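Colleague: When you get a sec, could you give me coordinates for this:
(4 chains, ligands or ions: 2)
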Amino acid sequence: MGVLIIDTIEKGVVHLRSVYLDSNSGMPMWPEVISSMLPYMSEHYGNTSSIHAMGNEPKKAMEMARSHVAELIGADPTEVIFTSGATEAVNLALRGSTETASEGKKGIIYSQADHRTVTATAEDLSRKGVRTAMMPLDHLGAIKLKEAVSIMDQGGFHLLSMPFASQEVGTFQPVEDLVKEAAEREVLVHLDLTRSAFQVPIDVKKQGIDLATISSNDLLGPKGVGALYIKKGVRLKPILTGGGHERALRSGSENIPGIYGMGKAASIVKKRMGDYVPQMERVRDALIDGLLRIENTHLNGNMKMRLPNNANVRFDFIEGESILLMLDLNGIQAASGSACSSKTLEPSPTLMAMGLKHEEAHGSIQMTLNPNTTIDDIQYVLEVVPGIVENLREMSPLYNRIGD
Amino acid sequence: MGVLIIDTIEKGVVHLRSVYLDSNSGMPMWPEVISSMLPYMSEHYGNTSSIHAMGNEPKKAMEMARSHVAELIGADPTEVIFTSGATEAVNLALRGSTETASEGKKGIIYSQADHRTVTATAEDLSRKGVRTAMMPLDHLGAIKLKEAVSIMDQGGFHLLSMPFASQEVGTFQPVEDLVKEAAEREVLVHLDLTRSAFQVPIDVKKQGIDLATISSNDLLGPKGVGALYIKKGVRLKPILTGGGHERALRSGSENIPGIYGMGKAASIVKKRMGDYVPQMERVRDALIDGLLRIENTHLNGNMKMRLPNNANVRFDFIEGESILLMLDLNGIQAASGSACSSKTLEPSPTLMAMGLKHEEAHGSIQMTLNPNTTIDDIQYVLEVVPGIVENLREMSPLYNRIGD
Amino acid sequence: MSRIEYSKKVMEHFTNPRNVGTVDDADGIGTVGNPVCGDMMEISLKVEDGRIEDIKFRTFGCASAIATTSMLTEIIKGKTIEEAENISWDDVVKSLDGLPPVKVHCSHLAIDGLRKALYEYYRKRQIYRPDLIPKDEESHHESSPECE
Amino acid sequence: MSRIEYSKKVMEHFTNPRNVGTVDDADGIGTVGNPVCGDMMEISLKVEDGRIEDIKFRTFGCASAIATTSMLTEIIKGKTIEEAENISWDDVVKSLDGLPPVKVHCSHLAIDGLRKALYEYYRKRQIYRPDLIPKDEESHHESSPECE
Ligand SMILES: Cc1ncc(COP(=O)(O)O)c(C=O)c1O
Ligand SMILES: Cc1ncc(COP(=O)(O)O)c(C=O)c1O
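Modeller: Ligands and ions are numbered 1, 2, ... in the order given. Next comes the predicted model:
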């Protein structure tokens, strides 16, 4: 490993091999999606609101995209509106529903399984006087059902937000049960499908979901686009007002190339998911199996009920950033905690909510795959990681102390 | 003309010629911008927040784009944040500044020279109890300075929003005077540069602007991107919360290809504006001159002090939509009122605020050029329009009555 | 909207309108709508032996306003007065293979114009037929956003 | 951050740390920080004739924590105790060609570790030097978000 690192430092970004295991923070696009967007970047630059010929292609493109996204999640096209991404969709769901909720019932229930987008927005609303409550997580990262129900029973909440699965540790949430309990108490459910939509089929209609966030990049589509599913009858106030686009729920000239690309990506995911997911899961299982063979290494989250692309492991006695950096120097890109928290020194809130100790959270590494990840990639990772862990442990005062 | 139309209907979209004169509702992209974005759609799909190698290129791309946009408008890069478009930038400026304004000083001054994005947002804030007031326009479409000042003198307003020029009739606003008066009264100024940034140089620092909205597509860059200039020291609350991107003023994984494209477009505009604007203005002047040669035809807005790409004319006795449709059948794309209002039957609020009669507003057509528009295009338009106007007038009960 | 939202029939009548003009020595002329609202129509007709021998229109308005009046004159020409009285806006819309919802009011206006022309025809013959005067006549003349 | 935000020096010390381990029969060992905070350092040293003959470190923490302790041991090795006492965090940061602002605390921690080791060296010689004990010592042991 030493030689490899020196090489890397001297030659810059030249790696023997590059393995991308940070799909949670950015997905490669389907090549067909890129090429499908180009006509809307060159010829068809019109505006859907225009009454002339140049408005026709954009209009058609947009409605086709809407159908594809709707189809992927089992919605009606009229129930899907496009946004600039998952963050905007989440904000619209949380803020928009708070505005229409009746006084005395403005309240949001969420958890540390949610992405920062949800927790930060709930915190902001809380500062503005909106009631909020956090559902606790079990040690595998799943929302505790009984506790969630007793929060709902306190009343005064209009919305429960949850991810389909924790993006960080991958654990599936008890969606069916929570939706049932919420419906009985007339609490709306917002489901964050970011990180799950490309790998787990969903039918929002059958499952009785009220609001659902989808990210385009997560479908291996373009960045800067997302969508919000709004069940017929659910009323929201817009957060972006203006020309009245998207049935006045989201104003702003539409990003036609992006939207078309998202639609195309959704249709590809729908068609190929059955092929690439089992494959991706096998590759991921090889990764987890290999990593757990390193001593004093543990899996965070649920072994079975987890996103097929997610591996989140912790290495005792050593710290996440130095592991990430060593991996990076060897051409392997991974993450610690969520992409956003890698800028801070704080341990991951999700891991802490699962009851991990600070030092356990600090030593956790998140590796997320995509359909392009190969078993060869993983073999390379498994060749490199044991050496890195060993080196860092040798330096660690914690390791020696235990080893003594 | 008759033959041409029949042809068109029977063969579909086949035109002898196609002339796009609706640049206000969608701009063609600089070809170099499209190609410059591709690497960020394929190889460099990482996230700027990632601490590994895949985060490097996106981070560099983003900061380069920020410099280019800042340079175009005379700002410091740290004063520019990226949004999903002009609508989001406007909403952030208006809503975000309202939240930080002190109680008793939450109020917005605007006008019908503003785009619907501004007026609709001001109306929404007004419904929420924020003070609002409209500055009247003169008959050429400019904000009346004295009246604007006396509104400011009433006190209780934190922000004055105005476009650099009316996007619809092209009239320049008295920016310098209004900024001076506003500054004396400690009222912030938000300047909407959409539609002017690609054709009129601006220096927000020298001009003492506090907030400025820029649209990427307006720079012949990609759709789905925009930017807000926020003068150092001006405080805003975000409308999209989450991962804390853009100094927590605009959360959401960045649309790197779009942002890079916007930056590239800004740099091209900066470099080439001096060449293409005089050329575009000459072409536009030929258009106006030719159209005004048709009898009972008038220019809306100011002949001299107008955006170089804007022609807005009204034809007495006939109605806008039928003119637009006839133009469209002959391959010419134009607009009536703003792009958004072409869906409704309402006359344009800008034209009405300028004191036009309903029927004058109904008979107005907006033609907006871009750097690709040629003098040949305009010659074709000038061949076609007189016949269309004559045909429609022959059908009009108003024309005959006058003619009698 | 253009080619997507308007039927071929509408486009055909818009680009090649039939019976444009004002009938000479008209037995009745009906003018409805108002330029303020963006729509104004004039229907003029000549009756012989209880049959509408000639009918013409002039319209200020959008493509569907023009197409509707054009189609109306084609439907009415040669019909008896009684037949003409019974033509409804729906008949006109159907003959045009439909109109976009926001444009259906054009067909109401065209029928109103026809009936006002017939009203005048009767009035000249000392027959008072207030039922032919559009109920919401006044509203067409308001310079209000409620222009139907 | 990686290659962009860390200097070459930091990366070099991170990837090839000097003086890893614990000195046998150390005259002083200073342990500071806490795994709870994501940073923990152990500095051990051996003194001969008033000179620091050997010094080693063990660190649990990020790249800059490792590089800082590695650099510190290199600076200190061979210095007199008095010289060692006067080394500041700033000296370490400079030798590393700078640290990102959020990582500067690592250098404070490393100096604290060194001084605690020296404190212990003095204590064994019955010299009480409370000034060598880091003022905010306690705070490093809090399991709080204020981990410096
Ligand atoms: C002056 C002005 N401001 C803001 C906007 C809103 O821009 P967008 O729809 O691209 O968000 C427009 C759109 O036409 C505009 O003309
Ligand atoms: C579960 C989840 N929701 C929402 C978001 C926010 O997505 P974006 O940053 O693309 O707007 C993320 C981003 O990582 C996520 O993982």
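Colleague: Any part of the helix ranked longest in chain A near ligand 2?
Modeller: Secondary structure of chain A per DSSP state H: the longest helix is helix A:256-292. No: contact between helix A:256-292 and ligand 2 is absent, the nearest approach being 11.9 Å (criterion: C-beta under 6 Å from any ligand atom). In this view, the C-beta of every residue, glycine as well, is placed from N, C-alpha and C.
Colleague: And ligand 1, is that helix touching that?
Modeller: No: if you take C-beta under 6 Å from any ligand atom as the test, helix A:256-292 misses ligand 1, and the best it gets is 11.4 Å.
Colleague: Bridged to the closest residue to A:Leu292 other than its chain neighbours, which residues?
Modeller: Nearest non-adjacent residue to A:Leu292, counting by C-beta to C-beta, 6 or more residues apart in numbering or on different chains: A:Leu299, 6.3 Å away. Beta bridges link A:Leu299 to A:Val313, judged by DSSP bridges.
Colleague: check contacts around A:Leu299.
Modeller: Contact partners of A:Leu299, counting by C-beta atoms under 8 Å, 6 or more residues apart in numbering or on different chains, are A:Ile288, A:Leu292, A:Ala311, A:Asn312, A:Val313.
Colleague: One more: A:Glu181?
Modeller: The contact partners of A:Glu181, by C-beta under 8 Å, 6+ apart, come to A:Leu145, A:Ala148, A:Val149, A:Met152.
Colleague: tell me the centre residue of chain C?
Modeller: For chain C, the residue nearest the mean C-alpha position is C:Ala110 (2.4 Å; C-alpha atoms, centre = their mean).
Colleague: Just the pLDDT for that residue.
Modeller: You'll see C:Ala110 listed with a pLDDT of 96.
Colleague: Which strand or helix spans it?
Modeller: In this structure, C:Ala110 is located in helix C:105-124 according to DSSP states H and E.
Colleague: is that helix anywhere near chain B?
Modeller: No: against chain B, helix C:105-124 shows no contacts by C-beta under 8 Å from any C-beta of the partner chain, the least distance being 8.6 Å.
Colleague: got the buried residues for that helix?
Modeller: In terms of neighbour count (16 or more other C-beta atoms under 10 Å in any protein chain shown), helix C:105-124 has its buried residues at C:105-122.
Colleague: Please apply the same query to stretch C:77-94.
Modeller: Buried residues in stretch C:77-94, counted by 16+ other C-beta under 10 Å: C:Lys77, C:Lys79, C:Ile81, C:Ala84, C:Ile87, C:Trp89, C:Val92, C:Val93.
Colleague: what separates it from the chain centre, distance-wise?
Modeller: Here stretch C:77-94 shows a centroid-to-chain-centroid distance of 10 Å under the convention C-alpha atoms, centre = their mean, to the nearest Å.
Colleague: What's the first helix or strand after the lowest-mean-pLDDT helix or strand in chain C?
Modeller: Every helix and strand in chain C was compared by mean pLDDT, DSSP states H and E; the lowest is helix C:2-5, with a mean of 50. Remark: after helix C:2-5, the chain's next helix or strand is helix C:8-15, criterion DSSP H and E.
Colleague: low pLDDT regions in chain C?
Modeller: C:1-4, C:136-148 (pLDDT under 70).
Colleague: go with 80
Modeller: Residue ranges of chain C with pLDDT under 80: C:1-5, C:135-148.
Colleague: same check, this time on chain A
Modeller: Confidence mapping of chain A against pLDDT under 80 gives the ranges A:1-16, A:51, A:337-346, A:400-404.
Colleague: three-state assignment of the nearest residue to C:Thr31 once chain neighbours are set aside?
Modeller: Residue nearest to C:Thr31 in three dimensions, not counting chain neighbours: C:Glu42, with 4.7 Å by C-beta to C-beta, 6+ apart. Secondary structure, DSSP: H, G, I helix; E, B strand; the rest coil: C:Glu42 is strand.
Colleague: do the same with the one 3 residues further on
Modeller: Following three-state DSSP, the label given to C:Leu45 is strand.
Colleague: Next one: it from B:Glu88, what distance?
Modeller: Per C-beta to C-beta, to the nearest Å, C:Leu45 is found 56 Å from B:Glu88.
Colleague: I figured A:Ser23 hits A:Pro308, correct?
Modeller: No: taking contacts as C-beta atoms under 8 Å, A:Ser23 lies outside contact range of A:Pro308: 11.3 Å.
Colleague: Which one of those two is surrounded by more residues?
Modeller: Taking neighbours as other C-beta atoms under 10 Å in any protein chain shown, A:Ser23 and A:Pro308 compare with A:Ser23 leading, 27 against 22.
Colleague: Tabulate the buried residues of stretch C:77-94 (TSV), appending secondary structure.
Modeller: Below are these laid out as TSV (three-state DSSP):
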residue	secondary structure
C:Lys77	coil
C:Lys79	coil
C:Ile81	helix
C:Ala84	helix
C:Ile87	coil
C:Trp89	helix
C:Val92	helix
C:Val93	helix
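Colleague: Can you name the residue of the stretch 151-300 of chain A nearest to ligand 1?
Modeller: Of all residues in the stretch 151-300 of chain A, A:Ser253 sits closest to ligand 1, at 3.3 Å by C-beta to the nearest ligand atom.
Colleague: Mind telling me what element that residue is part of?
Modeller: Under DSSP H and E, no helix or strand contains A:Ser253.
Colleague: hmm, back to that, closest one of the buried residues of stretch C:77-94 to ligand 1?
Modeller: The closest of those, once distances to ligand 1 are taken by C-beta to the nearest ligand atom, is C:Val93, at 33.4 Å.
Colleague: and that closest one, what does it touch?
Modeller: Neighbours of C:Val93 in contact, by C-beta under 8 Å, 6+ apart: C:Thr68, C:Leu99, C:Val104, C:Ser107.
Colleague: of all these, which two lie farthest apart?
Modeller: C:Thr68 and C:Val104 (9.5 Å; C-beta to C-beta).
Colleague: Give me every residue in the stretch 151-300 of chain A lying close to ligand 1.
Modeller: For the stretch 151-300 of chain A, the residues in contact with ligand 1 (C-beta under 6 Å from any ligand atom) are A:Gly242, A:Gly243, A:Gly252, A:Ser253.
Colleague: filter these to the buried ones?
Modeller: Buried by 16+ other C-beta under 10 Å: A:Gly242, A:Gly243, A:Gly252, A:Ser253, out of these.
Colleague: could you say which helix or strand contains the second one?
Modeller: Read it as A:Gly243. Following DSSP H and E, there is no helix or strand that holds A:Gly243.
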